[in-house]
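S.K.: got a sequence here, can you model it:
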Amino acid sequence: MPKLASTKRRSRLRRAETRELKRIPLWDSFTAKNEFTIVVILCIVAALRIFIFSAAFPFFNNVDEQAHYDLVYKYSKGQIPSALEKFSAGASELIVLFSSPEYLCNPLSFPNAKFPKPMWNLPPSELAPALKLATINLMNKTNYESTQPPVFYIIAGLWYRLGELLNLRDGMLLYWTRFLNAVLFIPLILLSHRFIRIPYPDRLFMRIGVPAMIAFFPQDVFFSINNDAVSPLFFTAAFLCLLEIYLSRSKSYAFYVFTGILVAVTFMVKFTNAAIFAALMAVAALRIVELSAVGKIGRELPKIILMIFSAITPTALFLTRNLLVLGDITGMSGKINILGWTAKPFAQIWHHPIFTPEGLITFWSDLMKTFWRGELVWHKSTVAVPWVDSFYWISTTIFLFAAAVNLILYKRQNRDTGWIADIFAFGVIGLSVLGLAVISLVYDFGRCWYPSSQHPYLTSGRLIIGIMVPFIALYLRAIEFILWKTGLRSSRWLALCIILGLMLGSEIAISIPVFGSLYNWFHMI
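M.R.: Now for the predicted structure:
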């Protein structure tokens with residue numbers, strides 16, 4: 001009898017397991033078994049997408065690409081700017097030779113409503129005098145990006161040198177420099193997957209959804225030579241390390257030092273990544289409080305101090321260098337003067353329209369539009385679809401609010417790793433947005449065309465694109481929460497596919513004219 005009972009018990013368990021497996025949706029089962037393969041495929045697809053669109057857009061776009069290329073060229077030659085410098089001769093010649101008028105001009109401004117042929121296709125007898133004159137004119141202009149932090153330009157400069165060693169020249173070398181973005185996008189997606197696996201180990205939707213959203217994210221700064229393009233990679237890496245330190249109990253001294261240095265490097269990619277320092281100090285403070293409560297502070301405190309020291313020391317050295325060489329700790333005062341910005345008296349700050357409902361909506365909606373799709377123009381018009389822009393900023397508003405509600409409700413139940421990651425994500429997003437708001441408030445923009453006295457909002461989403469991974473994590477977290485609360489959780493994959501299709505479809509639709517440009521890579525090969 002006992003043997004028969006045991007047999008019946010095992011049979012019931014097998015039937016229960018079978019029923020449980022049948023409850024798992026087919027797509028969930030497939031993705032769980034092939035998760036890493038899917039992420040690798042997303043890496044390849046993302047790199048190809050960045051490559052194709054980078055090749056389609058001609059040089060030099062309206063997002064200061066001339067200035068950033070000039071810096072890459074200088075760093076590749078070992079020339080580190082020590083002031084606001086003029087454009088270099090070597091960079092100026094290529095800028096003039098391969099520049100397209102299609103960004104800031106309308107074809108109606110030219111004979112027969114057609115853009116002229118690229119300069120590089122001119123006969124030598126016509127090319128030489130025109131190229132010489134235009135190059136001299138550009139060399140007399142100041143590159144107001146000269147004092148930007150150095151990390152991107154060091155990396156891109158080395159990549160540029162590699163292109164020269166591969167015997168790439170002229171336009172091919174320019175596009176080679178752009179294609180660095182496609183290469184660096186692969187580790188970004190891998191890091192985004194790693195980032196999700198730590199705080200959300202049981203959230204298959206997010207483990208696949210976040211890398212997928214990154215792979216198809218329509219921000220056009222990744223099609224450009226620009227130091228903003230590498231911010232997500234470094235910010236995500238630093239944020240991930242800080243999260244691992246907070247959640248783990250067994251990290252080595254070397255890991256703490258590496259994390260501190262990575263935080264400093266992230267800041268020296270772009271000053272608008274400063275929120276990563278706030279994350280560092282928050283992790284350090286919370287760890288000290290928690291360890292003190294259980295009497296284990298003595299073992300971990302040296303590591304925490306070493307991490308802070310490793311972050312502050314290179315940053316302090318860099319800022320001191322700026323003060324001694326450039327006259328201010330950021331090195332940005334020269335650029336601000338050229339742009340015509342002046343600091344407002346304290347009393348005037350509070351008269352800013354951002355303190356009105358209309359102004360706040362304008363700031364937030366414009367920022368979210370450019371955060372999603374970028375700032376490129378084509379034929380003097382913004383490369384955008386208005387209703388898609390509306391979807392971006394409205395969905396972001398709704399979903400971040402839902403994520404905040406989820407955070408509050410979740411607090412009442414438990415505080416697992418996902419709840420902690422959400423807190424940190426909200427922190428870096430809020431501080432990054434606040435930073436742009438503060439800049440909008442404290443400066444009178446004078447005659448500057450953007451931001452301007454009539455529209456005094458700094459709403460360039462690329463400046464805070466470093467927060468892309470935690471931003472998307474909260475975005476998808478909210479989608480899952482909303483669908484769960486409405487009884488439609490099984491539709492989350494469909495919702496993800498619709499958003500991915502919208503992003504890619506709209507990006508292709510608005511970029512079709514670009515692919516026909518005579519100035520792009522496809523017409524060089």
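S.K.: hey, let's count contacts and neighbours off CA atoms from now on
M.R.: OK.
S.K.: count the residues that sit near T135.
M.R.: Using other CA atoms under 10 Å, T135 has 22 neighbouring residues.
S.K.: next: G331.
M.R.: By other CA under 10 Å, the residues close to G331 number 24.
S.K.: so it is in contact with Q148, correct?
M.R.: Yes. Using CA atoms under 8 Å, G331 and Q148 qualify as a contacting pair, with a distance of 7.5 Å.
S.K.: contacting residues around the host helix or strand of F277?
M.R.: In this assignment (DSSP states H and E), F277 forms part of helix 275-293. Under the criterion CA atoms under 8 Å, 6 or more residues apart in numbering, residues 235, 238-239, 242-243, 245-246, 263, 266-267, 297, 300-301, 304, 308, 424, 427-428, 431-432 lie in contact with helix 275-293.
S.K.: next step: those residues restricted to helices.
M.R.: Using DSSP state H, the members of these that fall in helices are 235, 238-239, 242-243, 245-246, 263, 266-267, 297, 300-301, 304, 308, 424, 427-428, 431-432.
S.K.: please check these and keep the buried ones.
M.R.: Neighbour counting over those (16 or more other CA atoms under 10 Å) leaves 235, 238-239, 242-243, 245-246, 263, 266-267, 297, 300-301, 304, 308, 424, 427-428, 431-432 as the buried ones.
S.K.: now stretch 306-317: buried residues?
M.R.: Buried residues in stretch 306-317, counted by 16+ other CA under 10 Å: L306, M307, I308, S310, A311, I312, P314, T315.
S.K.: so who does I482 touch?
M.R.: I482 sits in contact with A402, where contact means CA under 8 Å, 6+ apart.
S.K.: what helix or strand is it located in?
M.R.: Counting by DSSP H and E, I482 is found in helix 468-485.
S.K.: do L233 as well
M.R.: Following DSSP H and E, the helix or strand that holds L233 is helix 231-247.
S.K.: could you check the angle helix 275-293 makes with that helix?
M.R.: With axes from the mean of the first three to the mean of the last three CA atoms, to 10 degrees as the basis, helix 231-247 and helix 275-293 are set at 0 degrees to each other.
S.K.: quick one: helix 231-247 to helix 468-485, angle?
M.R.: In terms of direction (the same axes, to 10 degrees), helix 231-247 departs from helix 468-485 by 70 degrees.
S.K.: and helix 231-247, what's its mean pLDDT?
M.R.: This predicted structure assigns helix 231-247 an average pLDDT of 95.
S.K.: ok now it, how far from the chain's centre?
M.R.: In terms of CA atoms, centre = their mean, to the nearest Å, the centre of helix 231-247 is found 14 Å from the chain centre.
S.K.: against which helices or strands is it packed?
M.R.: Applying 3 or more CA pairs under 8 Å, 6 or more residues apart in numbering; DSSP states H and E, we find helix 231-247 packed against helix 180-197, helix 253-267, helix 275-293, helix 468-485.
S.K.: so can I have CSV of those showing distance to S365?
M.R.: Formatted as CSV, the entries for those read as follows, by distance: least, CA to CA, whole Å:
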stretch, distance to S365
helix 180-197, 26
helix 253-267, 26
helix 275-293, 21
helix 468-485, 16
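S.K.: looking at those, which has the lowest confidence?
M.R.: Per-segment confidence across those bottoms out at helix 275-293, which has a mean of 91 in mean pLDDT.
S.K.: circling back to that earlier point, and the buried residues of stretch 306-317, which of them are in helices?
M.R.: When the buried residues of stretch 306-317 are checked against helices using DSSP H, the ones located there are L306, M307, I308, S310, A311, I312, P314, T315.
S.K.: quick one: residues contacting the closest residue to I186 other than its chain neighbours.
M.R.: Closest residue to I186 in three dimensions, ignoring its sequence neighbours and counting by CA to CA, 6 or more residues apart in numbering: C43, at 5.1 Å. Taking CA under 8 Å, 6+ apart as the criterion, C43 is in contact with F185, I186, I189, L190, A215.
S.K.: which of these are buried, as a ChimeraX select command?
M.R.: In ChimeraX, the members of those classed as buried (16+ other CA under 10 Å) are selected with the following command:
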select :185,186,189,190,215
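S.K.: quick check: which ranges of the stretch 1-150 of the chain have low pLDDT?
M.R.: Of all residues in the stretch 1-150 of the chain, those with pLDDT under 70 make up the ranges 1-25, 27.
S.K.: quick one: A384 is in a helix?
M.R.: No. According to DSSP: H, G, I helix; E, B strand; the rest coil, the state of A384 is coil, so it is not within a helix.
S.K.: show me the contacts for it.
M.R.: Going by CA under 8 Å, 6+ apart, the list of residues near A384 reads R373, I510.
S.K.: which phi and psi does it have?
M.R.: phi -160, psi 160 (degrees, to the nearest 10).
S.K.: lovely, talk soon.
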